[in-house]
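**Q** Test case, fold it:
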Amino acid sequence: MELDSMASSIGVSVPVLRFLLCFAATGAFLSSLSFGFSANLHYIVPMLLGYASMLLCRNYCGVLTFFLAFAYLIG
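**A** All right, here's what the predicted structure looks like:
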């Protein structure tokens, strides 16, 4: 994995990228440990909704993601 190119593509330094990757891995591990692996699958739906809204209607993606993610969480 080329960390230099990944870090420059998102606009952070390599140590910050390492921290973000470790932070995400630790969060996923603790969530799996506490609630089981299926709990991590619930993160995928709001993330996909957010990325889909950025692709389909970029001007309103924040508002659209907010309402769709909360509708999913309430449902």
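**Q** where does the residue lying closest to residue 39 once chain neighbours are set aside land in three-state SS?
**A** Sequence neighbours aside, residue 31 is the residue nearest to residue 39 in space, at 5.3 Å (criterion: Cβ to Cβ, 6 or more residues apart in numbering). C-beta here means a position set from N, CA and C on the backbone, and glycine is covered the same way. Secondary structure state of residue 31, per DSSP: H, G, I helix; E, B strand; the rest coil, is helix.
**Q** Per-residue pLDDT of residue 31, please?
**A** Residue 31 carries a pLDDT value of 88.
**Q** Next: residue 57.
**A** 88.
**Q** got a list of what it touches?
**A** residue 64 (Cβ atoms under 8 Å, 6 or more residues apart in numbering).
**Q** picking up where we left off before, what sits against the residue nearest to residue 39?
**A** 39, 40, 43.
**Q** Tell me the one of those residues nearest residue 10?
**A** Proximity of those to residue 10 was ranked by Cβ to Cβ; the top entry is residue 43 with 19.2 Å.
**Q** In which helix or strand does that closest one reside?
**A** helix 37-56 (DSSP states H and E).
**Q** List the buried residues in that helix.
**A** For helix 37-56, a neighbour-count test (16 or more other Cβ atoms under 10 Å) marks 46, 49, 50, 53 as buried.
**Q** Check which element follows it along the chain.
**A** In N-to-C order, the element after helix 37-56 by DSSP H and E is helix 61-74.
**Q** Give the rounded mean pLDDT of that following helix.
**A** Rounded mean pLDDT across helix 61-74 is 87.
**Q** Compute the inter-axis angle for it and helix 37-56.
**A** 150 degrees (axes from the mean of the first three to the mean of the last three Cα atoms, to 10 degrees).
**Q** Quick check: buried residues in helix 61-74?
**A** Applying 16+ other Cβ under 10 Å to helix 61-74 flags 61, 64, 65, 68, 69 as buried.
**Q** among those, which two are most distant?
**A** Every pair of the buried residues of helix 61-74 checked by Cβ to Cβ; the farthest is 61 and 69, at 11.5 Å.
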